[in-house]
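Visitor: pasting the sequence and the predicted model now:
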Number of protein chains: 2
Amino acid sequence: MSNWVYIENIAAFEGQEVTIKGWLYNRTDKGKLQFLLVRDGTGIIQCVASQKDLPPDVFAAAQSVTQESSLIVTGQVRADKRAPGGYELLLTGLQIVQLTQDYPITPKEHGIEFLMKHRHLWIRSARQHAILRIRAEVVKAIRDWLNSHGFVNVDTPILTPSSCEDTTTLFETDYFGEPAYLTQSGQLYNEATIGAFGRVYCFGPTFRAEKSKTRRHLTEFWMVEPEMAYVDLEGCMEIEEQFVSYIVQTVLANRAKELQTLERDTSKLEKVVPPFPRITYDEAVKLLQEKGFDFKWGDDFGAPHETAIGEHFDRPVFVHHYPTAIKAFYMEEDPTRPEVCLSVDLLASEGYGEIIGGGQRTASYELLERRIKEHNLPRQAYEWYLDLRRYGSVPHSGFGLGVERTVAWICGISHIRETIAFPRMLERIYP
Amino acid sequence: MSNWVYIENIAAFEGQEVTIKGWLYNRTDKGKLQFLLVRDGTGIIQCVASQKDLPPDVFAAAQSVTQESSLIVTGQVRADKRAPGGYELLLTGLQIVQLTQDYPITPKEHGIEFLMKHRHLWIRSARQHAILRIRAEVVKAIRDWLNSHGFVNVDTPILTPSSCEDTTTLFETDYFGEPAYLTQSGQLYNEATIGAFGRVYCFGPTFRAEKSKTRRHLTEFWMVEPEMAYVDLEGCMEIEEQFVSYIVQTVLANRAKELQTLERDTSKLEKVVPPFPRITYDEAVKLLQEKGFDFKWGDDFGAPHETAIGEHFDRPVFVHHYPTAIKAFYMEEDPTRPEVCLSVDLLASEGYGEIIGGGQRTASYELLERRIKEHNLPRQAYEWYLDLRRYGSVPHSGFGLGVERTVAWICGISHIRETIAFPRMLERIYP
């Protein structure tokens, strides 16, 4: 058998005979010519089976092969501008590994319930393949940027004895007789690991047992959380804009084909370069009121507000200095105006809403202790966290970027259920 | 203030005045000279405070600063062969950010219970820092190798409706009224995503609710699981040996300083290059019997057996063709001898035991269906998994590498509780 190659590398084999192992994506029957679209996970190539050039049994196989049959094809690589991808394979051999009968996802329209139930197969289709390939590129860009900017990856635990935020949205499990909870954030642990490494990040699944059914929520989603010692709010924003623009520009450079499959308007993404505009919460409130929203100072933004603010700018926008009362207990207060805190959210462009939450954490033992009381948090569970302010406390900042929302924004898709291979939602835990 | 630099980059600033932001690791009082060991997460540098060169208040600060105080120092970088790291800082300024009182971890010996309870602080010490820095290097090497060898990272779910292996060791949670379980492996999902991408990997936390207290078990641990379409058992072993040797050689090249801190005998690791020896389970049984073990064909290996087999070779060893009865239901049978299967485990050198389990999965719908029945698995929960054999089934293989065991082996440490920042064990879920 000739050399097994991947379709994404096919250009290097022009004029040579190669073997491709994959699945039939589609077939067009032109009588004595069969055009097979074969995919192998790295791309799709058109394979031409010609009756006059092939042994009868091989041509018969080409005539009979069905959608999503697994097959091994051999042929000569030929440049052809008309072919999708610019190359085609002139078949010399074809072996059907398994002839698929009645593949459930046909070229006709299917309802979302049907597709989600067949998610293990749906991911083979061109659009889903493109989205998940972009997701992998986003994940790689995230790690590459952090690793090359002095951040050390330190994994934080999933099973935790106490909660970081709202306790009503926790998944609980029995940990050998004690209750334990699935993490909503690795941040508190990051604040410990910066004491050892200066700059760190955790990157893993996080969980919210929210009963809401919205386009922006999953019960299980991936979040990267960088945290930096000796960095203040302004420094945090500078890091965030470098980080986010790197992710977007890397996808543009490396996944042009996939963005094209998704018919994404990439001119919007090309604008995502630093500096990003910065507005205060106060200014954001004024902006919303000018746009006709009935919005009061002190309220938190909902999806329509985030969308309206985001659409006002041509790139992601920082909103900082939120009211202390609507942010988490660990946020640093503004020393000159304690009713607002040194928090910052990043709202994506084109109305895609919040993709980052973060800011400067309180460094003071006394303030943190008071906040834990005010929030009625169990003091004992936070004793180790208080230690971080007892022993060598430093000014520090950090943020969390949601992978699925970022992928949805970059791909230009409206529902985040397509941004992860096997989404977990209120009524969806299968397959 | 002068330029803020990281200690790991200090050589580039010889002769210049720089600022370092970190914590006091240790101080030696020589009267008119104070030697401060300052760490910033990237390294440790000796800072010299000289009474005759400094304003009295700055020298007084240098005299009074305590272990693990946070501080900002400024000084001139000077090459000095006697200094740890080869450079020292001749101080011109020192600002104490927080003066730490009574840091609990002192240079004296502490018991393991005490250290584990103070894990959030213990990670600052040189040994723990080195281990976790090597862990981050291992994680990066894993991803770099896979990303550059055509593997697509596809995240698999943590919350699952059914189990991959033994159901008695599952953590359960209430998923909006239905039971759900924390994953023990992403493999079954990988077998779906290879249908879309050819070569994939998942990499995330996995969970075992095991009541055992051994040096090799955590209840929460990280596993990378590559899976490859159109790859058989032999091809799987070839990928594994390239992969594992890349990880080990990358740590040797990039983390020499940390291995030195751990006093690791690196000559043992230098031998970890392909090809790795391959023996069958039959041969392993004979080897154990020759070594005096009372071991019967058909039994599974325990830790002492793995250690004995591993110590027999100077590099990791593959053991393949295990009895079908002691391996998971999805393993491909040897067509010529169905009582053994196309499974393969990789045992680390120096007696560190299994670091990889894997092999070729069954491609046949009929065999898989029979196995699901034989193992009394709930057929309905596996309906989607059976679909993968209905629609374009292909020969395929994959494996799972445990991060913590791999780090323990590379670091040469006896207990895996030190290989993760916040270990989760039978009696340990705090901090």
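Guide: Everything's here; your move.

Visitor: what's the burial count for A:G358?
Guide: Neighbour count for A:G358, taken as other CB atoms under 10 Å in any protein chain shown: 26. The C-beta positions use only the backbone N, C-alpha and C, and glycine is treated the same way.

Visitor: just to be sure, it is in a strand?
Guide: Yes. Assessed by DSSP: H, G, I helix; E, B strand; the rest coil, A:G358 belongs to a strand.

Visitor: wait, it touches A:S343, no?
Guide: Yes. With contacts counted by CB atoms under 8 Å, A:G358 reaches A:S343, the gap being 7.2 Å.

Visitor: shouldn't A:C411 be in contact with A:T261?
Guide: No. Applying CB under 8 Å, one finds A:C411 not in contact with A:T261, separated by 9.8 Å.

Visitor: residues touching stretch A:250-260, excluding its own?
Guide: With CB atoms under 8 Å, 6 or more residues apart in numbering or on different chains as the test, stretch A:250-260 has contacts from A:129-131, A:133-134, A:137-138, A:140-141, A:144, A:266, A:269-270, A:410-411.

Visitor: how about a cut-off of 7 Å?
Guide: A:A130, A:R133, A:I134, A:E137, A:V138, A:A141, A:T266, A:L269, A:E270, A:I410 (CB atoms under 7 Å, 6 or more residues apart in numbering or on different chains).

Visitor: buried residues in that stretch?
Guide: The neighbour-count check on stretch A:250-260 (16 or more other CB atoms under 10 Å in any protein chain shown) flags A:T250, A:V251, A:L252, A:R255, A:E258, A:L259 as buried.

Visitor: return the subset of those residues lying in strands.
Guide: Applying DSSP state E to these, no entry is found in strands.

Visitor: list just the nearest of these to B:S125.
Guide: Closest approach between the buried residues of stretch A:250-260 and B:S125, by CB to CB: A:T250, at 36.7 Å.

Visitor: how close does the closest one sit to chain B?
Guide: Distance check for A:T250 against chain B: by CB to the nearest CB, to the nearest Å, it reads 13 Å.

Visitor: and A:C411 and A:T261? Which one has more around it.
Guide: The neighbour comparison of A:C411 against A:T261 (other CB under 10 Å) goes to A:C411, with 25 against 17.

Visitor: and the pLDDT at that one?
Guide: Each residue has a pLDDT score; the one for A:C411 is 98.

Visitor: low-confidence ranges, chain A, go.
Guide: A:1, A:162-167 (pLDDT under 70).

Visitor: most distant residue from the middle of it?
Guide: Most distant from the centre of chain A: A:K52, at 48.6 Å, with distances by CA atoms, centre = their mean.

Visitor: quick check, that residue in a helix?
Guide: No. Assessed with three-state DSSP, A:K52 is coil; it does not lie in a helix.

Visitor: quick one: contacts for it?
Guide: A:K32.

Visitor: look up how far chain B lies from it.
Guide: 29 Å.

Visitor: so how far is A:Q95 from that residue?
Guide: For A:K52, the distance to A:Q95 equals 20 Å [CB to CB, to the nearest Å].

Visitor: and for A:L182?
Guide: A:L182 is 46 Å from A:Q95, where distance means CB to CB.

Visitor: who's more crowded, those two?
Guide: More crowded of A:L182 and A:Q95, by other CB under 10 Å: A:L182, with 24 against 14.

Visitor: could you pull out the helices for chain A?
Guide: With DSSP state H as the criterion, chain A has helices at A:56-64, A:112-117, A:119-122, A:126-147, A:187-197, A:233-254, A:256-261, A:266-270, A:281-290, A:303-311, A:365-374, A:383-390, A:403-411.

Visitor: TSV for those helices, including distance to B:K81?
Guide: Converted to TSV, the helices of chain A look like this (distance: least, CB to CB, whole Å):
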stretch	distance to B:K81
helix A:56-64	73
helix A:112-117	65
helix A:119-122	61
helix A:126-147	31
helix A:187-197	27
helix A:233-254	36
helix A:256-261	52
helix A:266-270	52
helix A:281-290	55
helix A:303-311	56
helix A:365-374	41
helix A:383-390	36
helix A:403-411	47
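
Visitor: for B:T160, find the nearest of those helices.
Guide: Comparison of the helices of chain A against B:T160 by CB to CB identifies helix A:119-122 as nearest, at 12.9 Å.

Visitor: and the closest one, what other elements does it pack with?
Guide: If you count contacts as 3 or more CB pairs under 7 Å, 6 or more residues apart in numbering or on different chains; DSSP states H and E, helix A:119-122 packs onto helix B:383-390.

Visitor: which residues touch whichever residue of the stretch 1-150 of chain A sits closest to chain B?
Guide: Per CB to the nearest CB, A:G41 is where the stretch 1-150 of chain A lies closest to chain B, at 2.7 Å. Residues in contact with A:G41 (CB under 7 Å, 6+ apart) are A:G22, B:A196, B:F197, B:G198, B:R199, B:A229.

Visitor: which of the residues in the longest strand along chain A are buried?
Guide: Selection of the longest strand in chain A by residue count, based on DSSP E, yields strand A:17-30. For strand A:17-30, burial by neighbour count (16+ other CB under 10 Å) applies to A:E17, A:V18, A:T19, A:I20, A:K21, A:G22, A:W23, A:L24, A:Y25, A:R27.

Visitor: by contact count, what packs against that strand?
Guide: Packing partners of strand A:17-30 (3+ CB pairs under 7 Å, 6+ apart): strand A:3-4, strand A:33-39, strand A:70-79.

Visitor: each with direction, which strands does it pair with?
Guide: Sheet pairing for strand A:17-30, assigned by DSSP bridges, gives strand A:3-4 (parallel), strand A:33-39 (antiparallel), strand A:70-79 (antiparallel).

Visitor: put together TSV for the ones you listed, with distance to B:P157 on each row.
Guide: Shown next, in TSV, are the strands paired with strand A:17-30 (distance: least, CB to CB, whole Å):
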stretch	distance to B:P157
strand A:3-4	31
strand A:33-39	24
strand A:70-79	25
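
Visitor: how about these in JSON lines, adding mean neighbour count and distance to A:Y330?
Guide: Putting those into JSON lines (neighbours: other CB atoms under 10 Å in any protein chain shown; distance: least, CB to CB, whole Å) gives the following:
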{"stretch": "strand A:3-4", "mean neighbour count": "12", "distance to A:Y330": "53"}
{"stretch": "strand A:33-39", "mean neighbour count": "20", "distance to A:Y330": "48"}
{"stretch": "strand A:70-79", "mean neighbour count": "20", "distance to A:Y330": "52"}
